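Asker: Sequence and predicted structure below; questions after.
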Amino acid sequence: MSKTITSRLTVPVPSLRSWSDPLPFLLGRDGGLRSLHEEESKATGGNPQEKDPVFLLQKQGGLGEIPQTQSSKNRAESQSPPVDEPDEPTVGLMPPWTSLGLILYMTFLAGAGLVIVIPTADDYAERLQAGRAFSGLMIGLVPLFATIGVVLNYWQLKKKWSLKSVIYINCFGAVCGNVLYALAGLTRWKWTLLMARALIGLCNGLVIGPLYISRNVGLLRRSEVMFYLSAVSTLGCAVGPCFAWALAVFVKELRIENLLLDSDTAPGWLMAALYFAFMQLFVLLFQEPETERDTDESEGKRVPTMPSSGLRGLSALPERLPVCALITCLWPLSVAGFVNTSCQVFIVTLAQRSLGWSISASALLLAGLMATAGVINLLTGRLLLPHMKSDRAGLLASCLCGALGSLPVFDFGLTEGAQLVCLSVGLVLLLTAVNMARAFSMSLATKLVPGELKPLVNMQSMGFGAMGGGAGAIFGALFTPATFAPVQMGLCLMAALAFATCFAHMKPHRKAT
């Protein structure tokens, strides 16, 4: 006869031997094994929790698979640290829609604030006796200083600042920066424009959206929500020129031309008002994420797993970043930032200087192009993404489509009208492709690393994108029809080639969350 004393092992009872053998001490009247729980109770005076030799052996990491009583097994499970594996319920996690909507709206305002000044940048710079390159620098300072803002926001969150306080400070800084931009005409000092745009970029909050999504949206729907984020940013870039057009018409019709309010300063006042209204909505509707993970994500330290023989403490070692795979994955973000801002600045500059269009007409052209690309991105996230089985394949296909989309942008020596049609079609295809690549890249980058490294990867992602955007704004003001298209095609092909080379290394991390 035998008894099962553990859920893991069934120990057969050996044959009875002489009374000098210590084994009969453990035998009961029926010839079976007494439970270690009973013997332990006798030895400890009825308090089996005082010393459990089985549990102590496991706690000291001596034996891996050893018999346990049911009580010691329960205590071991209750006292053991959580196993270092992805939590299955978090795969389909979604945050409150009001909070997610506010995060997306903040991204929308950031895109609109970047583009709203493009139609009037040349006029404002000339009014303050600045040159052509100055207007490109004025636009490019926002994404360039947004890189510093990304590092600053990452440091704030690392120091355990609440997400709500970080967003509120960014919004307040954006209000101050836009007011300073509007007052630059009153100061008549061109460097005021650069100071204002630098402050706007510093408080842009680029990292907030991707960081919030990576922390609060599960793996199952993260790519979809990243598509929404990219589409909302593109739509913000479409609505910004619409605001510029409406303000130019409004000021012209009311014949308002003074140092405080005109077509050049009105965008600053409008964006300051929109950010101020957003601050009120944010206080009322935003819900702070309830809990953080049990890890110190800012330092990359995991809670150690259950120790086993020979491997004690090994799981507590910090994870390393897959540098090569990450750089290859983040390169399309720089390309997307460069292509977006260079296209926006180039088309407005071309329309105003080469075609002689007004501020209102060039603003409407830019708004139409960005709106079309944004709607296509939004529909892609809703319709195409559920059928995509791999972020890697989607990213590679997007880069190749960007290279193909740049073909109509080449200067074929056509008539002015035909060339404008080809340019518009090519820009829509190019912008759609690179924004799809941006969404896939942001989503894939957070899956290449374990959960505790997601904040660091998000900071790097937004830094890559912001640096590309800053360079694109500066070069966009200097491009000519002969040089614009080859640069765009070359960048997309380089991104596709680099990603295809490292395609096999772009698999999601086993501890990704």
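Answerer: Yes, it's here.
Asker: middle-most residue in the chain, spatially?
Answerer: Nearest residue to the geometric centre of the chain (Cα atoms, centre = their mean): Pro210, 2.3 Å.
Asker: What count of nearby residues applies to the nearest residue to that residue once chain neighbours are set aside?
Answerer: Leaving aside its sequence neighbours, Pro210 sits nearest to Asn458 (Cβ to Cβ, 6 or more residues apart in numbering; 4.8 Å). Glycine gets a C-beta too; all of them are placed from N, C-alpha and C. If you count neighbours by other Cβ atoms under 10 Å, Asn458 ends up with 27.
Asker: isn't Asn458 right up against Ser214?
Answerer: Yes - Asn458 is within contact range of Ser214, at 5.8 Å (criterion: Cβ atoms under 8 Å).
Asker: Pull up the overlap in contacts between those two.
Answerer: Taking Cβ atoms under 8 Å, 6 or more residues apart in numbering as the contact rule, the neighbours common to Asn458 and Ser214 are Thr446.
Asker: what residue ranges in the stretch 351-500 of the chain score low on pLDDT?
Answerer: The model of the stretch 351-500 of the chain has pLDDT under 70 over residues 385-389.
Asker: So which residues of it form strands?
Answerer: With DSSP state E, counting those that start in this stretch applied, the stretch 351-500 of the chain shows no strands anywhere along its length.
Asker: that older thread, now for the residue nearest to Pro210: which residues touch it?
Answerer: Residues near Asn458 by Cβ under 8 Å, 6+ apart: Tyr154, Val207, Pro210, Leu211, Ser214, Ala445, Thr446.
Asker: worst-scoring helix or strand of this protein, pLDDT-wise?
Answerer: Lowest mean confidence among the helices and strands of the chain (mean pLDDT, DSSP states H and E): helix 53-59, at a mean of 39.
Asker: my guess is Tyr105 meets Ala277, correct?
Answerer: No - the pair Tyr105 and Ala277 does not pass the contact test of Cβ under 8 Å, sitting 10.3 Å apart.
Asker: and the gap between Met462 and Ile208?
Answerer: Met462 is 9 Å from Ile208, where distance means Cβ to Cβ, to the nearest Å.
Asker: same deal with Leu186?
Answerer: For Leu186 relative to Ile208 (Cβ to Cβ), the value is 32 Å.
Asker: what do you get for Met442?
Answerer: From Met442 to Ile208 the distance is 13 Å (Cβ to Cβ).
Asker: More neighbours: these two, which one.
Answerer: Using other Cβ under 10 Å as the criterion, Met442 and Ile208 rank with Met442 on top: 30 against 23.
Asker: Need the per-residue pLDDT for the closest residue to that one other than its chain neighbours.
Answerer: Using Cβ to Cβ, 6+ apart and skipping the chain neighbours, the partner closest in space to Met442 is Met226 (5.0 Å). Note for Met226: predicted pLDDT of 84.
Asker: mind listing what Met226 touches?
Answerer: Pro210, Ile213, Ala439, Phe440, Met442, Ser443.
Asker: what helices or strands is the helix or strand the first one falls within leaning on?
Answerer: In other words, Pro210. Applying DSSP states H and E as the criterion places Pro210 in helix 208-216. Here helix 208-216 touches helix 97-115, helix 163-182, helix 222-254, helix 416-447, helix 454-476, going by 3 or more Cβ pairs under 8 Å, 6 or more residues apart in numbering; DSSP states H and E.
Asker: Compare the ones you listed and report which one is nearest to Gly140.
Answerer: Proximity to Gly140 (Cβ to Cβ) singles out helix 454-476 among the helices and strands packed on helix 208-216, at 3.4 Å.
Asker: Can I get the closest one in CSV, CA atoms only?
Answerer: Provided in CSV are the C-alpha atoms of helix 454-476 (Å, rounded to 0.1, in the frame of the first residue of the first chain):
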residue,chain,number,x,y,z
LYS,A,454,9.5,49.9,-23.0
PRO,A,455,9.8,53.5,-21.5
LEU,A,456,13.5,53.6,-22.7
VAL,A,457,12.5,52.4,-26.2
ASN,A,458,9.7,54.9,-26.5
MET,A,459,12.1,57.7,-25.6
GLN,A,460,14.5,56.5,-28.3
SER,A,461,11.6,56.1,-30.8
MET,A,462,10.4,59.7,-30.4
GLY,A,463,13.9,61.0,-30.4
PHE,A,464,14.6,59.4,-33.8
GLY,A,465,11.4,60.7,-35.2
ALA,A,466,11.9,64.2,-33.8
MET,A,467,15.5,64.5,-35.2
GLY,A,468,14.3,63.4,-38.6
GLY,A,469,11.4,65.9,-38.5
GLY,A,470,13.8,68.8,-37.5
ALA,A,471,16.2,68.0,-40.4
GLY,A,472,13.3,67.7,-42.8
ALA,A,473,11.9,71.1,-42.0
ILE,A,474,15.3,72.8,-42.6
PHE,A,475,16.0,70.9,-45.9
GLY,A,476,12.4,71.3,-47.1
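Asker: and the angle from it to helix 222-254?
Answerer: Inter-element angle recorded for helix 454-476 and helix 222-254: 40 degrees (by axes from the mean of the first three to the mean of the last three Cα atoms, to 10 degrees).
Asker: Run the chain-centre distance for helix 454-476.
Answerer: 11 Å (Cα atoms, centre = their mean, to the nearest Å).
Asker: try stretch 225-237
Answerer: Averaged over its C-alpha atoms, stretch 225-237 has a centre that lies 12 Å from its chain's centre (Cα atoms, centre = their mean).
Asker: that older thread, if you average the pLDDT over the helix holding Pro210, what comes out?
Answerer: 87.
Asker: Return the set of buried residues in it.
Answerer: Residues of helix 208-216 classed as buried by neighbour count (16 or more other Cβ atoms under 10 Å): Ile208, Gly209, Pro210, Leu211, Tyr212, Ile213, Ser214, Arg215, Asn216.
Asker: quick one: contacts for the last one?
Answerer: Contact analysis of Asn216 by Cβ under 8 Å, 6+ apart lists Leu93, Met94, Pro95, Leu100, Pro289.
Asker: Next, give phi and psi for Ala480.
Answerer: Heads up, residue 480 is Thr, not Ala. phi -120, psi 160 (degrees, to the nearest 10).
Asker: Quickly note the distance from it to Leu137.
Answerer: Applying Cβ to Cβ to Thr480 and Leu137 gives a distance of 18 Å.
Asker: The two: which has the busier surroundings?
Answerer: A side-by-side neighbour count of Thr480 and Leu137, using other Cβ under 10 Å, places Leu137 first with 21 against 11.
Asker: average pLDDT across whatever helix or strand that one lives in?
Answerer: Assessed by DSSP H and E, Leu137 sits inside helix 132-158. In this model, helix 132-158 has a mean pLDDT of 87.
Asker: Could you tell me the angle between that helix and helix 208-216?
Answerer: Using the same axes, to 10 degrees: helix 132-158 against helix 208-216 is 30 degrees.
Asker: tilt between helix 132-158 and helix 97-115?
Answerer: Using the same axes, to 10 degrees: helix 132-158 against helix 97-115 is 150 degrees.
Asker: Next, the buried residues of helix 132-158.
Answerer: By 16+ other Cβ under 10 Å, the buried positions in helix 132-158 come out as 134-147, 149-150, 152-154, 156-157.
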